[in-house]
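J.: Give me the fold of what follows.
(3 chains)
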Amino acid sequence: MHDAKPFLRALLEADLPLPLVHFDSMLAAWIVNPAQRAPSLDDLAYRELGIEVGAVDDAGESTAQGAFEFDETAIDLETPARRALAVAELVDGITEQMEARGGNELFSTIEMPLIPILARMEYDGVGLDSAFLTSVGVDLAGRVATLEGEIHSLAGRPFNVNSTLQLRSVLFDELGLPVIKKTPKGVPSTDASVLEKLSDQHDIVAKLLLFRELDKLRSTYVEALLKLVGHDGRLHGRFNQTGAATGRLSMERPNLQNIPARSDEGRAIRKAFVAGDGATLLVADYSQIELRILAHLSQDSGMIEAFANDIDIHAATAARVNGVPTESVSDDMRRTSKMINFGLLYGMEAYGLAQRLDIDREEAQHHIDEYFAQFPEVKAYMAGIVEEARGCGFTTTILGRRRYLPELNSQNARDRQMGERMALNAPIQGSAADIIKKAMIDLDANLVERSLGGQMILQIHDELVLEVPLEEIDEVTALTIATMEGVASLSVPLKVSYGVGPTLADAGH
DNA sequence: CAGGGATGCAA
DNA sequence: TATTGCATCCCTG
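T.: Numbering: from 1, shown residues only, chains lettered A, B, ... in the order given. Model prediction:
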């Protein structure tokens, strides 16, 4: 099949048994080159076979809901038939390409087995308390309207606060506030980091920040979610298995991987995600998985030791960098080390660290130098990975997932540096994706083996959300943690923390 | 109405 | 001028 998941989901909706799918040409083409998101059968057949399978309408292709809906008066059997034949013709060629790129095992042991699991997760969906969420929306709308009035008064005239064009005139032309930075197009920026720097200059600025925050929550996380609730009162987002070049999943309609978590208002929205009757939610997340992978890949003895002792990794790195005992680490020392730890995962440079810590570039460089002096294997690993990727053209994860980076040899310095950052990040983010995908496959099998009713319903990059019958919660919690922690044996332990509760807010931690 | 830019949410 | 995504709003053509 090409893109089997919507078909499997349609079978679940029709209460029909699922066939075993052996080969998904969309996934296979993505393994060969993860830069092409959702390779279409049209393009593949033309490129690999020189065949024109013809444009597909939504009758032959999966519809938005994943069901096959035929107009019975005008069934086109020819196009689906040509497409089916094209998939069959593609199998050998793409398999050879996967083989040549070392991707066959990843394909057959991770990506293919994940398809029916994701189909089931989409089919099950997650419960939404629409009445509660509606009341959150009413509250937010009221506060937003009040703020809008106050902003208009302070500006001296009404304008559309959501229009950056109009807001720019108000702030920089009419109120005379200083321009802090410009957008890539060269016009004055009004983004949150700019507003934060202007907050002591005019009362309007704090109102604007709050307006943006609350209106974002209202429009994106209240209105949008309510529109997508199914007839069963649940949200059935779609997982995109080929959406991220690093190997992560992505999600859409809705994207439940970016539900607010930090502010109080964000947590109110998380309260609307609920378990069904007689069930509860279990949220299990890998603790610092990317830094643990960095410790493993770099074999840095200091970092491995910190994880082996299971101490707060940001405090532990701060202690080492500053040459003090862990208990003497100040808040500021920990904050700096935490920023560098995160920056390492993204291919940080001094400029970026300086921005985030609001310090000079020179001072940021000094912090980075001190860090690398204490973690020399990390420094060597970072340098080596870029060099290796430049040589062979790709990076590799612990399960052999490759990301090709032609940018590394670009004539354009900006593109080349982007390639270097991607080379630094891809093995780490990609290995984390490998690990949680394997955990999903193992956990699904373990739940079935023990005849448990607990089901995975969401994956949010380093965490799994399960809906669990109340009477099973202890057994499923223990099984989930053991499975997630046991999927890989790295040079540092994998650690899982968890929370349980009737809503996503209660189960969070 | 499609598409791009700006913005902001998550890990 | 730190990685990966997706959604919203505004604005233009």
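J.: So stretch A:389-396, near DNA strand C or not?
T.: No: looking at stretch A:389-396 against DNA strand C by C-beta under 7 Å from any atom of the strand, there are no contacts, and the closest approach is 11.1 Å. All C-beta spots, glycine's among them, are computed from the backbone N, C-alpha and C.
J.: Sorry, wrong one. I was asking about stretch A:230-247.
T.: Yes: applying C-beta under 7 Å from any atom of the strand, one finds stretch A:230-247 touching DNA strand C at A:240, A:243, A:244, A:245, A:246.
J.: Residue A:224 versus the first one, what's the distance?
T.: Right, residue A:240. 18 Å (C-beta to C-beta, to the nearest Å).
J.: The two: who's more crowded?
T.: residue A:240 (17 against 13; other C-beta atoms under 10 Å).
J.: so what's the residue lying closest to the more buried one once chain neighbours are set aside up against?
T.: Distances taken as C-beta to C-beta, 6 or more residues apart in numbering place residue A:250 nearest to residue A:240, at 4.5 Å, with adjacent residues excluded. Counting by C-beta atoms under 8 Å, 6 or more residues apart in numbering, residue A:250 makes contact with A:239, A:240, A:243, A:244, A:257.
J.: what do you get if the cut-off is 6 Å, keeping everything else the same?
T.: A:240, A:243, A:244 (C-beta atoms under 6 Å, 6 or more residues apart in numbering).
J.: out of the residues you listed, which one sits closest to DNA strand B?
T.: Minimum distance to DNA strand B across the contacts of residue A:250 is 9.8 Å, recorded for residue A:244 (C-beta to the nearest atom of the strand).
J.: contacting residues around that closest one?
T.: With C-beta under 6 Å, 6+ apart, residue A:244 has these contacts: residue A:250.
J.: Next, give phi and psi for it.
T.: phi -130, psi 130 (degrees, to the nearest 10).
J.: Repeat that for residue A:239.
T.: phi -90, psi 130.
J.: And residue A:250, by the same measure?
T.: The phi/psi pair for residue A:250 (degrees, to the nearest 10) is phi -130, psi 180.
J.: before we move on, what about residue A:458?
T.: Main-chain torsions, residue A:458, degrees, to the nearest 10: phi -140, psi 150.
J.: Please list all residues in contact with the closest residue to it other than its chain neighbours.
T.: Spatial nearest neighbour of residue A:458, chain neighbours left out: residue A:465 (3.9 Å); criterion: C-beta to C-beta, 6+ apart. Residue A:465 is in contact with A:283, A:457, A:458, counting by C-beta under 6 Å, 6+ apart.
J.: let's go with 7 Å and repeat that
T.: A:281, A:283, A:457, A:458 (C-beta atoms under 7 Å, 6 or more residues apart in numbering).
J.: Tell me how many other residues surround the third one.
T.: It refers to residue A:457. 26.
J.: now swap in the one 5 residues further on and tell me
T.: In terms of burial, residue A:462 registers 19 neighbours under the definition other C-beta under 10 Å.
J.: Can you pick out the most distant pair from the contacts of residue A:465?
T.: A:283 and A:457 (10.5 Å; C-beta to C-beta).
J.: returning to what we had before: just the contacts of residue A:465 now: which is nearest residue A:391?
T.: Using C-beta to C-beta, the contacts of residue A:465 come closest to residue A:391 at residue A:458, 39.0 Å.
J.: how many neighbours does that closest one have?
T.: 24.
J.: distance of it from residue A:3?
T.: Separation of residue A:458 from residue A:3 (C-beta to C-beta) stands at 21 Å.
J.: And the strand or helix carrying residue A:344, what's buried?
T.: For residue A:344, the element it lies in under DSSP states H and E is helix A:331-346. Neighbour-count burial for helix A:331-346 flags A:333, A:334, A:336, A:337, A:338, A:339, A:340, A:341, A:343, A:344, A:345 (criterion: 16 or more other C-beta atoms under 10 Å).
J.: Quick check: the second one touching residue A:314?
T.: Yes: between residue A:334 and residue A:314 a contact is recorded at 5.2 Å, counting by C-beta atoms under 7 Å.
J.: Now do the same for the residue of the stretch 1-150 of chain A at minimum distance from DNA strand B: its pLDDT.
T.: Residue nearest to DNA strand B within the stretch 1-150 of chain A: residue A:140 (12.3 Å; C-beta to the nearest atom of the strand). Residue A:140 is assigned 91 on the pLDDT scale.
J.: what's near enough to touch it?
T.: A:214, A:217, A:218, A:222.
J.: which one of the residues you listed is nearest residue A:499?
T.: For those, the nearest to residue A:499 is residue A:217 (22.0 Å; C-beta to C-beta).
J.: Helix or strand: which one has the residue nearest to the closest one when sequence neighbours are not counted?
T.: Spatially, and ignoring its direct neighbours in sequence, residue A:217 is nearest to residue A:265 (5.4 Å; C-beta to C-beta, 6+ apart). If you go by DSSP H and E, residue A:265 is part of helix A:264-270.
J.: Which elements pack onto that helix?
T.: helix A:504-507 (3 or more C-beta pairs under 7 Å, 6 or more residues apart in numbering; DSSP states H and E).
J.: Using CSV, list the CA coordinates for the helix it packs on.
T.: The C-alpha coordinates for helix A:504-507 follow below in CSV (Å, rounded to 0.1, in the frame of the first residue of the first chain):
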residue,chain,number,x,y,z
LEU,A,504,-4.3,16.0,31.2
ALA,A,505,-3.8,18.8,33.8
ASP,A,506,-4.0,16.4,36.7
ALA,A,507,-1.8,13.8,35.0
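J.: Would you mind pulling the contact partners of that helix?
T.: A:267, A:270, A:271, A:273, A:281, A:282, A:283, A:499, A:500, A:501.
J.: what do you get for stretch A:80-99?
T.: A:1-2, A:23, A:25, A:28-29, A:31-32, A:41, A:44-45, A:48-49, A:51, A:53-54, A:56, A:60, A:104, A:107.
J.: What is the nearest of the contacts of residue A:465 to DNA strand B?
T.: Taking the contacts of residue A:465 together and measuring to DNA strand B by C-beta to the nearest atom of the strand, the closest member is residue A:283, at 9.8 Å.
J.: residue contacts, the residue of the stretch 251-400 of chain A found nearest DNA strand C?
T.: Nearest to DNA strand C in the stretch 251-400 of chain A, going by C-beta to the nearest atom of the strand, is residue A:343, at a distance of 2.0 Å. Contact analysis of residue A:343 by C-beta under 7 Å, 6+ apart lists A:352, A:353.
J.: could you redo the last one with a cut-off of 8 Å?
T.: Taking C-beta under 8 Å, 6+ apart, one finds A:352, A:353, A:356 in contact with residue A:343.
J.: Next: residue A:280.
T.: With C-beta under 8 Å, 6+ apart, residue A:280 has these contacts: A:467, A:468, A:470, A:473, A:500, A:501, A:502, A:507.
J.: thinking again about what came up before, the residue nearest to residue A:458 belongs to a strand?
T.: Yes: counting by DSSP: H, G, I helix; E, B strand; the rest coil, residue A:465 is located in a strand.
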